[in-house]
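Peer 1: When you get a sec, could you give me coordinates for this:
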Amino acid sequence: MPDRSKDRRRALDLLFEVDQRRRAGERVSLSDTLTDRLADPAGLKPQRTYAAQIVLGVDEHAERIDELLATYSAWTLDRMPAVDRSILRMGVWELLYNDDIPDGVAVEQATNLASELSTDESPGYVNGLLGQLQRLAPTLRTAEAPHGPEH
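Peer 2: Alright, predicted model coming up:
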């Protein structure tokens with residue numbers, strides 16, 4: 001499996017930026033920001049394929065991801081440290097919507113990012129919340145699977 005750590009970090013940077021801009025009242029689209037970065041050769045860091053896949057996946061499933069975080073967290077989304085919120089969104093997307101990443105790897109990578117970039121308590125919090133969602137993932141995935149026509 002390719003090392004996707006740098007891609008996760010790039011995706012996290014963009015998720016965090018857009019989250020902060022929205023909280024400051026700016027009407028900004030995650031996918032449009034990604035498109036702008038991909039088109040700008042002078043951008044800070046080029047977005048690689050997996051980074052773009054994460055960003056677009058989180059954007060596509062944002063409502064459900066935030067619903068799950070709000071449901072299973074002891075904290076509201078607004079109370080979470082901003083970087084943790086972005087890490088958790090990425091982790092939930094990898095757990096539930098990316099079949100190429102083993103669940104344990106998704107949790108481990110998110111926990112590593114929290115260790116590197118957030119508060120001393122964040123790794124345990126991220127690991128605990130994603131671990132809970134990992135245990136529920138089979139049920140959550142089944143609930144999200146497209147259903148055929150009703151009879």
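
Peer 1: need the contact list for A70.
Peer 2: Contact analysis of A70 by C-beta atoms under 8 Å, 6 or more residues apart in numbering lists T76, L77. From N, CA and C alone the C-beta is placed, and that goes for glycine too.

Peer 1: List the contacts of the residue nearest the centre of the chain.
Peer 2: Centroid check for the chain by C-alpha atoms, centre = their mean gives M90 as the closest residue, at 1.3 Å. Listed by C-beta under 8 Å, 6+ apart, the contact set of M90 reads R8, A11, L12, L15, I54, V58, A110.

Peer 1: One more pass at 6 Å, please.
Peer 2: By C-beta atoms under 6 Å, 6 or more residues apart in numbering, the residues touching M90 are I54.

Peer 1: list the buried ones in the helix or strand hosting it?
Peer 2: With elements taken from DSSP states H and E, the one containing M90 is helix 82-97. By 16 or more other C-beta atoms under 10 Å, the buried positions in helix 82-97 come out as 83-97.

Peer 1: which one of those residues is nearest D36?
Peer 2: When the buried residues of helix 82-97 are ranked by distance to D36 (C-beta to C-beta), S86 comes first, at 18.3 Å.

Peer 1: The closest one against F16, yeah?
Peer 2: Yes: between S86 and F16 there is a contact under C-beta atoms under 6 Å: 4.4 Å.

Peer 1: Now do the closest residue to G104 other than its chain neighbours against D40, distance only.
Peer 2: Nearest residue to G104, sequence neighbours excluded (C-beta to C-beta, 6 or more residues apart in numbering): Q134, at 7.5 Å. Going from Q134 to D40 by C-beta to C-beta, to the nearest Å gives 36 Å.
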